[in-house]
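Colleague: Predicted model, plus sequence, below.
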Amino acid sequence: MQTDEKPMIEIQGILVSLDLFSEFFCCDLATCKGCCCVEGDAGAPLDIDEIAEIEEAMEVVWDELTEEAKEVINNQGVAYADPSGELVTSIVNNRDCVFAQHSEDGTCYCVLDKAYREGRTSFQKPISCHLYPVRLSKVGDTIGVNYHKWSICKCGINLGQKLSLPLYQFLKEPLIRRFGEEWWNECDVAAKELKKAGYI
């Protein structure tokens, strides 16, 4: 995995990589089967306040977790600190997120997100998962919004290019969830101006 940092613009104090406007992307779940929930060597990054919300949601989704996931959560909780000290979701066998489950066709899905979309909980899923393939980082005293490229998401790039869907438009829902609708609208205006000026 790698993060390719490109020139950035500032929108309401948030630094945004031009990749969000110039790159095309759309998750192709039918092809990748949700492998981002099971690949990698650490869980998904968490904000400290998300842990309490996840723990509250456990009352609803507990019976939908795998037995291995239940054992991990019973032993260490829903989160742990990775080697860099960052809080991340707990994982099973150094691989699968504890909230990952598989449908009959082998597609991986998040039990937290499923419960939210069915109206059974108020917490959707970690914002880092919702925003992927965008990752947030600290740039001095502000937040940086970067495109995180991972080889397993190649099919998402291909589908995005086929649909001519810019990354920031694909991520409209989670970006609004994190930064607000006014902020996203400014992104939309910025994208149009950048394209008109020939920057993207």
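Modeller: Nice, I can see it.
Colleague: what kind of secondary structure is the residue sitting nearest the centre point of the chain in?
Modeller: Nearest to the mean C-alpha position of the chain, by CA atoms, centre = their mean, lies Cys129 at 2.5 Å. What DSSP: H, G, I helix; E, B strand; the rest coil gives for Cys129 is helix.
Colleague: Hmm, Leu46 and it touching each other?
Modeller: No - shown here, Cys129 and Leu46 do not form a contact pair, counting by CB atoms under 8 Å, at 9.5 Å. (Each C-beta comes from the backbone N, C-alpha and C, glycine too.)
Colleague: can you give me the helices for the protein?
Modeller: Along the chain, the segments classed as helices by DSSP state H run 19-22, 29-32, 48-61, 67-76, 111-117, 127-131, 154-163, 167-170, 172-179, 181-196.
Colleague: With distance to Phe99 and mean pLDDT added, can I get those in JSON lines?
Modeller: Listed next are those as JSON lines, based on distance: least, CB to CB, whole Å; pLDDT from 0 to 100:
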{"stretch": "helix 19-22", "distance to Phe99": "26", "mean pLDDT": "96"}
{"stretch": "helix 29-32", "distance to Phe99": "16", "mean pLDDT": "90"}
{"stretch": "helix 48-61", "distance to Phe99": "8", "mean pLDDT": "96"}
{"stretch": "helix 67-76", "distance to Phe99": "7", "mean pLDDT": "96"}
{"stretch": "helix 111-117", "distance to Phe99": "5", "mean pLDDT": "96"}
{"stretch": "helix 127-131", "distance to Phe99": "9", "mean pLDDT": "96"}
{"stretch": "helix 154-163", "distance to Phe99": "21", "mean pLDDT": "97"}
{"stretch": "helix 167-170", "distance to Phe99": "22", "mean pLDDT": "98"}
{"stretch": "helix 172-179", "distance to Phe99": "17", "mean pLDDT": "98"}
{"stretch": "helix 181-196", "distance to Phe99": "26", "mean pLDDT": "96"}
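Colleague: quick one, which of the ones you listed is nearest to Gln101?
Modeller: Nearest of those to Gln101, taken as CB to CB: helix 111-117 at 5.2 Å.
Colleague: Pull out the buried residues from that closest one.
Modeller: Residues of helix 111-117 classed as buried under the neighbour-count rule (16 or more other CB atoms under 10 Å) are 111-116.
Colleague: Pick out whichever of those residues sits closest to Ala52.
Modeller: The closest of those, once distances to Ala52 are taken by CB to CB, is Leu112, at 13.5 Å.
Colleague: so what's the closest one up against?
Modeller: Neighbour list for Leu112: 54, 57, 61, 99, 121, 123-125 [criterion: CB atoms under 8 Å, 6 or more residues apart in numbering].
Colleague: tell me which strands and helices the top strand by length along the chain is in contact with?
Modeller: The longest strand of the chain (DSSP state E) is strand 142-149. Other helices and strands packing on strand 142-149, by 3 or more CB pairs under 8 Å, 6 or more residues apart in numbering; DSSP states H and E, are strand 2-3, strand 14-17, helix 19-22, strand 134-139.
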